[in-house]
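Enquirer: I'll drop the sequence and a predicted model, then ask my questions.
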Amino acid sequence: MTGRVAVNTDLNFVQGLMLHGAADLKKCYQCSTCTVACPLTPNDQPFPRKEMLWAQWGMKDKLFRDMDLWLCHNCNDCTDQCPRGAKPGEVMSALRNQTIEHYSYPQAISKAAKSARGNVVLFLIPMVLIALAIAMKNIESGFAFLTAKPIVYANMLPVNFIDILFLPPVLFAVFNSYKAISNFIGGLKEQYPPTDRGENLLPAVKGTIQDVLSHIEFKKCGTNKSRNISHRLMMYGFIGLFITTNAVFVLHWLNEFGFDVQVTPLPFFHPVKILGNVSAFAAFAGIYLIVRDRVKNSGTSILSLFDWMFIGNMFFTVVTGILCQVFRVGDHANLAFLTYYIHLVMVFYLLAYAPQTKFGHILYRPAAMIYSRYSGRNIDIFRNL
């Protein structure tokens with residue numbers, strides 16, 4: 001006699017998934033073509049077929065603890081080969097977005113990031129805060145920074161003000177990231193208990209870093225091979241910009257404590273300026289190629305607002321950063337300061353809401369990749385690399 005198996009389902013979850021990027025989910029009839037086409041799936045419990053089934057049934061508890069959502073790199077080979085047009089690649093992307101919302105704290109921010117009205121509110125917060133800071137600093141001088149020569153952005157908002165303004169949301173984001181990833185790892189441990197086939201933690205971290213920097217998974221993609229180049233340009237560009245921002249921060253505070261160092265605006269051939277410019281153009285090129293490919297493949301690849309806000313925020317962060325330098329050098333004060341204000345708003349959105357937006361994938365994917373090595377989940381793949 002066959003025993004009964006209890007399955008916890010949530011139809012509201014299925015409906016929400018279909019509204020946010022997985023509209024064709026129900027077209028899947030479990031032929032497993034997607035799993036056969038996937039160059040990344042492990043031999044043990046391969047994906048994305050099981051994710052398609054769990055999603056159709058609304059088995060959100062299993063999906064939120066599913067490591068394989070993050071081992072998928074959205075190359076869309078599965079979508080290209082699907083005979084029913086169910087777009088499993090887009091379903092996997094939508095499931096990752098739902099996972100970010102599930103683990104995010106507070107969830108209200110992640111929910112807001114999925115709607116136009118919610119994003120208006122999220123942007124209004126830094127717009128108002130930064131505008132108030134500029135007003136407080138300059139109201140007595142009558143906003144003299146607009147006519148002062150040469151153009152110096154610190155005249156509008158000193159670095160000290162920016163540090164004070166940005167530090168609380170950054171710490172807030174760090175706390176939220178720790179809380180979210182801790183809960184995420186707890187879910188992975190429950191669904192994929194560590195085995196004796198797994199690596200020790202440090203080798204697992206080292207191997208994951210090597211995989212991320214080399215983009216070895218992207219190289220296996222068949223349908224969208226160009227993603228290897230575009231994603232790598234964007235990743236290295238933002239790493240360079242992160243280093244540049246922190247270098248400027250260090251230089252400023254060294255100067256504040258009496259050290260004789262160059263502070264902003266830095267000369268063009270200063271090493272930090274060179275790194276910043278090269279990184280900005282690399283990030284811009286990467287984002288441009290991503291958008292170009294997305295538009296080109298719009299018939300088969302549909303992005304949700306959650307995805308587009310992430311791409312748009314990164315794009316405008318980089319573009320406004322580049323234009324700030326162009327307008328400053330060209331001595332266009334009004335355009336320069338307006339662009340700098342927009343740039344600060346974009347950076348605030350990017351940093352403060354990182355764990356609750358699509359940007360959170362830079363936390364979840366490495367965490368899942370590390371744990372996959374640590375638990376021995378897909379050791380067969382790593383042995384064949």
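Expert: Nice, I can see it.

Enquirer: Could you grab the helix/strand/coil label for residue 150?
Expert: Taking DSSP: H, G, I helix; E, B strand; the rest coil as the rule, one finds residue 150 in the coil state.

Enquirer: In terms of pLDDT, where does it sit?
Expert: Residue-level confidence at residue 150 comes out at 91, pLDDT.

Enquirer: residues touching it, list them.
Expert: 328, 331 (Cβ atoms under 8 Å, 6 or more residues apart in numbering). Glycine gets a C-beta too; all of them are placed from N, C-alpha and C.

Enquirer: what's the spacing between it and residue 335?
Expert: Between residue 150 and residue 335 the computed distance is 15 Å (Cβ to Cβ, to the nearest Å).

Enquirer: Residue 278 too?
Expert: 24 Å.

Enquirer: so where is the stretch 151-300 of the chain shaky, pLDDT-wise?
Expert: Counting by pLDDT under 70, the stretch 151-300 of the chain has low-confidence residues at 222-225, 297-300.

Enquirer: just the helices in it please.
Expert: 153-156, 159-191, 201-214, 227-256, 271-296 (DSSP state H, counting those that start in this stretch).

Enquirer: domains of the protein?
Expert: Domain segmentation of the chain under automatic domain parsing yields 11-103, 107-383.

Enquirer: So which of the ones you listed is the most surrounded?
Expert: Counting by mean count of other Cβ atoms under 10 Å, domain 11-103 has the highest mean neighbour count of the domains of the chain, with a mean of 20.

Enquirer: Next one: residue 265 from residue 180, what distance?
Expert: From residue 265 to residue 180 the distance is 37 Å (Cβ to Cβ).

Enquirer: whoops, residue 359 was the one
Expert: To residue 180, residue 359 is 12 Å away according to Cβ to Cβ.

Enquirer: likewise residue 107?
Expert: Taken as Cβ to Cβ, the span from residue 107 to residue 180 is 10 Å.

Enquirer: Between those two, which contacts overlap?
Expert: Contacts common to residue 107 and residue 180, judged by Cβ under 8 Å, 6+ apart, are absent.

Enquirer: Could you find the closest non-adjacent residue to residue 27?
Expert: residue 86 (4.1 Å; Cβ to Cβ, 6 or more residues apart in numbering).

Enquirer: What of residue 252?
Expert: Nearest in space to residue 252, with sequence neighbours left out and distances taken as Cβ to Cβ, 6+ apart, is residue 159 at 4.9 Å.

Enquirer: Just list the residues touching that neighbour, thanks.
Expert: Residue 159 sits in contact with 249, 252, 264, where contact means Cβ under 8 Å, 6+ apart.

Enquirer: Turn those into TSV, columns for distance to residue 294.
Expert: Below are the contacts of residue 159 laid out as TSV (distance: Cβ to Cβ, whole Å):
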residue	distance to residue 294
249	33
252	38
264	35
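
Enquirer: out of those, who's nearest residue 52?
Expert: If you rank the contacts of residue 159 by distance to residue 52 using Cβ to Cβ, residue 249 comes first, at 45.5 Å.

Enquirer: Next one: that closest one relative to residue 58, how far apart?
Expert: In terms of Cβ to Cβ, residue 249 sits 46 Å off from residue 58.

Enquirer: And residue 374, by the same measure?
Expert: From residue 374 to residue 58 the distance is 30 Å (Cβ to Cβ).

Enquirer: ok, now residue 363?
Expert: For residue 363, the distance to residue 58 equals 26 Å [Cβ to Cβ].

Enquirer: Could you pull up the mean pLDDT of stretch 100-112?
Expert: On average, stretch 100-112 scores 92.

Enquirer: Which residues does that stretch contact?
Expert: Contacts with stretch 100-112, where a contact means Cβ under 8 Å, 6+ apart, come from 60, 64, 114, 118-119, 121-122, 176, 179-181, 183-184, 353, 355-358, 360-361, 364.
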